[in-house]
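1. let me see the structure of the following:
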Amino acid sequence: MNWDRVEGKWKQMTGTVKEKWGKLTDDDLDMIDGRREYLVGKLQERYGIAKDEAERQADDWYSSYERSSTQSAGRY
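-> Sure thing, here's the model as predicted:
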């Protein structure tokens, strides 16, 4: 997984992050700024989940985002 791409596109991705994790605030999203470890920490904090579960959710979200953006790009 290439989280460097997330950091570069974070502002564009925040809409899907808000859809998935509605408890994250705009301030949280600004602080996370595309960094996986910060996202994992905020998921743990806001949802009361273990680190391994937060990591799994973050990685699943990233994988599904990549799949959907790849499929969208193929439609043109």
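
2. tally of neighbours for Glu53?
-> Neighbours of Glu53 under the rule other C-beta atoms under 10 Å: 14. The way it works is simple: take the backbone N, C-alpha and C, and place the C-beta from them, glycine included.

3. same check, this time on Leu24
-> 20.

4. ok, it - contacts?
-> Val17, Lys18, Ile32, Lys42, Leu43, Arg46 (C-beta atoms under 8 Å, 6 or more residues apart in numbering).

5. helix, strand, or coil at it?
-> Classification of Leu24 by DSSP: H, G, I helix; E, B strand; the rest coil places it in coil.

6. mind checking how far the helix ranked longest in the chain is from the chain centre?
-> Across the chain, the longest stretch assigned as helix under DSSP state H is helix 51-74. For helix 51-74, the separation from the chain centroid amounts to 8 Å (computed by C-alpha atoms, centre = their mean, to the nearest Å).

7. still on that earlier bit, looking at the contacts of Leu24, which is nearest Ser63?
-> Distances from Ser63 to those, taken as C-beta to C-beta, are shortest for Val17 (14.0 Å).

8. re earlier: from the contacts of Leu24, which is closest to Ser64?
-> Ranked by distance to Ser64 (C-beta to C-beta), the contacts of Leu24 are led by Val17 at 11.8 Å.

9. so that closest one touches Leu29, yeah?
-> Yes: between Val17 and Leu29 there is a contact under C-beta atoms under 8 Å: 6.4 Å.

10. so where's this protein uncertain?
-> Low-confidence segments of the chain, defined by pLDDT under 70: 1, 72-76.

11. rewinding a little: CA-only coordinates of the longest helix of the chain in CSV, if you can.
-> In CSV, the C-alpha atoms belonging to helix 51-74 read as follows (Å, rounded to 0.1, in the frame of the first residue of the first chain):
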residue,chain,number,x,y,z
LYS,A,51,-5.0,-0.7,17.0
ASP,A,52,-5.1,-3.8,14.8
GLU,A,53,-8.8,-3.2,14.0
ALA,A,54,-8.2,0.5,13.3
GLU,A,55,-5.3,-0.5,11.0
ARG,A,56,-7.4,-3.1,9.2
GLN,A,57,-10.2,-0.5,8.7
ALA,A,58,-7.8,2.1,7.4
ASP,A,59,-6.2,-0.4,5.0
ASP,A,60,-9.6,-1.7,3.8
TRP,A,61,-10.7,1.9,3.1
TYR,A,62,-7.6,2.7,1.2
SER,A,63,-7.9,-0.5,-0.9
SER,A,64,-11.5,0.2,-1.8
TYR,A,65,-10.7,3.8,-2.6
GLU,A,66,-7.9,2.7,-4.9
ARG,A,67,-10.2,0.1,-6.6
SER,A,68,-13.0,2.7,-7.2
SER,A,69,-10.6,5.4,-8.5
THR,A,70,-9.0,2.8,-10.9
GLN,A,71,-12.4,1.7,-12.1
SER,A,72,-13.5,5.3,-12.6
ALA,A,73,-10.4,6.1,-14.6
GLY,A,74,-11.1,3.2,-16.9
